[in-house]
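Asker: got a sequence here, can you build the structure:
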Amino acid sequence: MSGIASHLPRFEDASRALFAGDASAFDACIAAWPGDVPAHPRWLARDAFGELTSPRSMTSASPSMTRPAGA
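Answerer: This next block holds a predicted model:
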């Protein structure tokens, strides 16, 4: 996440929410990030929160962010 978003607003808050296991705070922190940027951290955080953090989480994910079949 830091590689693509450390310069964005609320990055530190998003990191704290991630480590606290607070999915709603995490989603709120990254929601205003531009374009497809929020989709990748949401995907990376999927195991930390048990599920993706919101219904829109993967709607704009690129194929490179999806797990291949059988993986």
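
Asker: next, find the distance separating residue 41 from residue 18.
Answerer: Computed as CB to CB, to the nearest Å, the residue 41 to residue 18 distance reads 8 Å. Using the backbone N, CA and C atoms, a C-beta is placed for each residue, glycine as well.

Asker: what about the two, which has more around it?
Answerer: Applying other CB atoms under 10 Å to residue 41 and residue 18 shows that residue 41 carries more neighbours, namely 24 against 21.

Asker: packing partners for the longest helix along the chain?
Answerer: The single longest helix within the chain, with elements called by DSSP state H, is helix 11-20. For helix 11-20, the packing partners by 3 or more CB pairs under 8 Å, 6 or more residues apart in numbering; DSSP states H and E come out as helix 2-5, helix 23-30.

Asker: tilt between that helix and helix 23-30?
Answerer: Angle of helix 11-20 versus helix 23-30, following axes from the mean of the first three to the mean of the last three CA atoms, to 10 degrees, is 160 degrees.

Asker: can you list contacts of helix 11-20?
Answerer: 1-2, 5, 23, 25-26, 28-30, 41, 45, 48 (CB atoms under 8 Å, 6 or more residues apart in numbering).

Asker: one more time with 6 Å, if that's ok
Answerer: Contact with helix 11-20 is made by 5, 25-26, 29-30, 45, as judged by CB atoms under 6 Å, 6 or more residues apart in numbering.

Asker: sorry, back to before: which of the helices and strands packed on helix 11-20 comes out lowest on mean pLDDT?
Answerer: Mean pLDDT per stretch puts helix 2-5 lowest among those, at a mean of 92.
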